[in-house]
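[1] Build me a structure from this.
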Amino acid sequence: MDMNVLIVDDSSLTRKAIRRIVDMIGLDINEVFEAENGVEALKILNEAHIQLVLADLNMPEMGGIEMIYHMRGNEATRDIPVVIVSTESSTTVIEGLLADGAKDYLHKPFTPEEFREVLTRTVGV
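    Numbers count the residues shown, from 1 in each chain. Predicted coordinates for the structure are as follows:
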């Protein structure tokens with residue numbers, strides 16, 4: 001399954017680390033797109049065919065929660081799975097995100113095995 005992935009995080013180091021793990025675990029990824037915040041992510045989502053979004057919560061301009069809200073309100077992006085990749089540890093916040101449309105949650109820092117496990121659950125890779 002060739003898929004396009006969008007990594008949304010304001011840290012270029014985190015985006016690089018996620019990209020490296022995606023390469024390392026040998027997923028069938030066609031192209032990896034990157035955005036620094038939700039505003040950039042929504043632009044990319046409107047221009048490219050993305051099958052999976054990996055997004056941080058706390059970013060300048062537009063965070064992950066607001067981005068998911070916008071995605072769910074748009075017919076073209078509402079069904080794209082979003083995995084939150086964050087240091088957020090409040091179960092209340094995480095449960096709320098999952099109830100509001102996030103597909104899964106991955107706590108930073110994470111191992112390649114945890115990453116693969118979440119992607120397997122989310123998109124069946």
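[2] alpha carbons only for contacts and neighbour counts from here, please
    Fine.
[3] Helix, strand, or coil at the most centrally placed residue in the chain?
    The centroid of the chain falls nearest to Leu54 when counting by C-alpha atoms, centre = their mean (1.2 Å). Three-state assignment for Leu54 (DSSP: H, G, I helix; E, B strand; the rest coil): strand.
[4] what pairs with it across the strands?
    Ile7, Val83 (DSSP bridges).
[5] is it true that it touches Ile84?
    Yes: with contact defined as C-alpha atoms under 8 Å, Leu54 reaches Ile84; the gap is 5.9 Å.
[6] all helices in the protein, in order from the N-terminus.
    12-24, 38-47, 64-72, 91-99, 112-123 (DSSP state H).
[7] wait, which of those helices is closest to Asp2?
    Closest to Asp2 of the helices of the chain is helix 112-123 (C-alpha to C-alpha; 11.5 Å).
[8] Who are the packing partners of that closest one?
    Counting contacts by 3 or more C-alpha pairs under 8 Å, 6 or more residues apart in numbering; DSSP states H and E, helix 112-123 is packed against helix 12-24, strand 104-107.
[9] Quick one, which of the ones you listed gets closest to Ser89.
    So among the helices and strands packed on helix 112-123, strand 104-107 is nearest, using C-alpha to C-alpha, at 7.6 Å.
[10] Return the list of strands paired to the closest one, each annotated with direction.
    Within its sheet, strand 104-107 is paired with strand 82-86 (parallel), according to DSSP bridges.
[11] The partner strand: how far from the chain's middle?
    Its chain's C-alpha centre lies 5 Å from the corresponding centre of strand 82-86 when counted by C-alpha atoms, centre = their mean, to the nearest Å.
[12] Let me know the average pLDDT across that strand.
    Strand 82-86 comes out with an average pLDDT of 93.
[13] ditto for stretch 52-61
    Mean predicted confidence for stretch 52-61 is 94.
[14] With stretch 101-121 instead?
    Average pLDDT, stretch 101-121: 89.
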